[in-house]
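J.: Here is the input, now give the coordinates:
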Amino acid sequence: MENQNLLTKPVDGKHYFKAIIRVIKSLNSGSNSFGPVEVLREKIVEAKDKSEVKMILADKYPQFFPNNRVYEKETKDSAQFFYVVIFPLSNWELNQISEGEWRCSHCGQVHENKYVSRPKTNNRVFGDDILFCSSEDDVCYQGYIKEIYKLEEFPDDLNFIKSDSPNYIYKCTEKSSGKCYVGKTRNAPFFRWWNHLSHSQSPFGVYLRQTKLSDWTFEVLEELPANIPEKEIFRIESEYISKFNSIHNGFNSVVSYQRPGLDRSNTLSLDFDNSI
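T.: Numbering: from 1, shown residues only. Take a look at the predicted model:
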């Protein structure tokens, strides 16, 4: 635990700061913005104090601070167009730096640290060790989901599960062919169906989005208590999959199994393209 706060102590009299350069309010009064307009953010500035931070910024960004004047608020100086807000890094931010490099779980890119390059995460589903490159379209996160959930559905959203939430076994049936998909969830069934329709990456989800919603029936086969053992839920789901033959003549890709620790060599798989 001692090394977690290593960077909170000055090194050679230096401290770690972050600085945000903003437009003065008088220049921003005519815009539609409800807050200060941020021009630039320096995530890490190593200096003895705020005065040295301002000297560093004036030298690095002379276009923002004419005559080397760096203000921390708006003044009456007619030559002022920008000001800077300076904060010392918090222990949490410093700890992110001290943790060092991290690697994207999808593309393998190595990043300097979690503070400078904040990872995209989904702790509820993947835990703390699965990290992704951050981007506006979440390329690595979505790519990882597509790869890992080729044959199975995305897990339930734990935000919508309470201690007394029941378990549901449900069935989606294509009216024209009679073929079906059998699944389980602790989310509300309509929420799970929406999951299939909106962003499922499984073969069934991809096929479902190529059809009309009116081509399908959605039903709950069985409601199970909240405290039922998970192994029993998988057993019951597998019985329904077998009953409706939804692997060989339907849209399930594998028999029900429990993550993690799955031995896929013992699961029954199916070439989805030949099943529809």
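J.: Any regions of the stretch 101-250 of the chain where pLDDT drops low?
T.: Counting by pLDDT under 70, the stretch 101-250 of the chain shows low-confidence ranges at 151-152.
J.: which residues of it fall in strands?
T.: 102-103, 110-111, 167-174, 180-185, 216-224 (DSSP state E, counting those that start in this stretch).
J.: What lies in contact with the longest one?
T.: Surrounding strand 216-224, the residues in contact under the criterion CB atoms under 8 Å, 6 or more residues apart in numbering are 166-175, 182, 189-190, 193, 208, 232-233, 236, 240. Every residue, glycine included, has its C-beta placed from N, CA and C.
J.: And for the first one?
T.: Where contact means CB under 8 Å, 6+ apart, the residues beyond strand 102-103 that reach it are 109-111, 113-114, 117, 119, 131.
J.: which of those residues are buried?
T.: Taking 16 or more other CB atoms under 10 Å as the criterion, what is buried in the contacts of strand 102-103 is 111, 113-114, 117, 119, 131.
J.: list the buried ones in stretch 206-225?
T.: 207-208, 216, 218, 221-222, 224.
J.: let me redo that: stretch 37-53
T.: Buried, per 16+ other CB under 10 Å, within stretch 37-53: 42-43, 45, 47, 50, 53.
J.: Now for these: which two are most distant?
T.: Largest separation among these by CB to CB: Lys43 and Lys50, giving 16.2 Å.
J.: ok, residues contacting stretch 140-160?
T.: So stretch 140-160 is contacted by 104-107, 120, 122, 124-125, 130, 132-133, 183, 185-188, 191-192, 195-196, 199-205, 253-254, 259, 269 (CB under 8 Å, 6+ apart).
J.: from what I can see Phe204 touches Ser253, true?
T.: Yes. If you go by CB atoms under 8 Å, Phe204 and Ser253 touch, sitting 7.4 Å apart.
J.: So between these two, which is more surrounded?
T.: When Phe204 and Ser253 are compared for neighbours, Phe204 comes out ahead with 26 against 22, by other CB atoms under 10 Å.
J.: Look at the residue lying closest to the more buried one once chain neighbours are set aside and report its pLDDT.
T.: Nearest residue to Phe204, sequence neighbours excluded (CB to CB, 6 or more residues apart in numbering): Phe251, at 4.1 Å. Looking at Phe251, its pLDDT reads 92.
J.: So Phe251 sits against Ser177, correct?
T.: No. Counting by CB under 8 Å, Phe251 stays clear of Ser177, with 9.8 Å between them.
J.: Of these two, which one has the most company?
T.: Ranked by neighbour count (other CB under 10 Å), Phe251 and Ser177 place Phe251 first, with 26 against 12.
J.: roughly how far apart are that one and Ala188?
T.: Phe251 sits 21 Å away from Ala188, going by CB to CB, to the nearest Å.
J.: repeat for Gly127
T.: Counting by CB to CB - Gly127 and Ala188 are separated by 25 Å.
J.: Now do the buried residues in the biggest helix by length in the chain.
T.: Secondary structure of the chain read by DSSP state H shows that its longest helix is helix 230-243. Residues of helix 230-243 classed as buried by neighbour count (16+ other CB under 10 Å): 233, 236-238, 240-242.
J.: What of stretch 58-73?
T.: 58, 61, 64-65, 70.
J.: what's the answer for stretch 178-194, then?
T.: 179-187, 189, 192-193.
J.: any chance of the residues you listed in JSON lines, plus distance to Val84?
T.: As requested, the buried residues of stretch 178-194 are exported to JSON lines (distance: CB to CB, whole Å):
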{"residue": "Lys179", "distance to Val84": "63"}
{"residue": "Cys180", "distance to Val84": "62"}
{"residue": "Tyr181", "distance to Val84": "57"}
{"residue": "Val182", "distance to Val84": "59"}
{"residue": "Gly183", "distance to Val84": "54"}
{"residue": "Lys184", "distance to Val84": "54"}
{"residue": "Thr185", "distance to Val84": "50"}
{"residue": "Arg186", "distance to Val84": "49"}
{"residue": "Asn187", "distance to Val84": "47"}
{"residue": "Pro189", "distance to Val84": "53"}
{"residue": "Arg192", "distance to Val84": "49"}
{"residue": "Trp193", "distance to Val84": "51"}
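J.: Kind regards, and thank you for your time.
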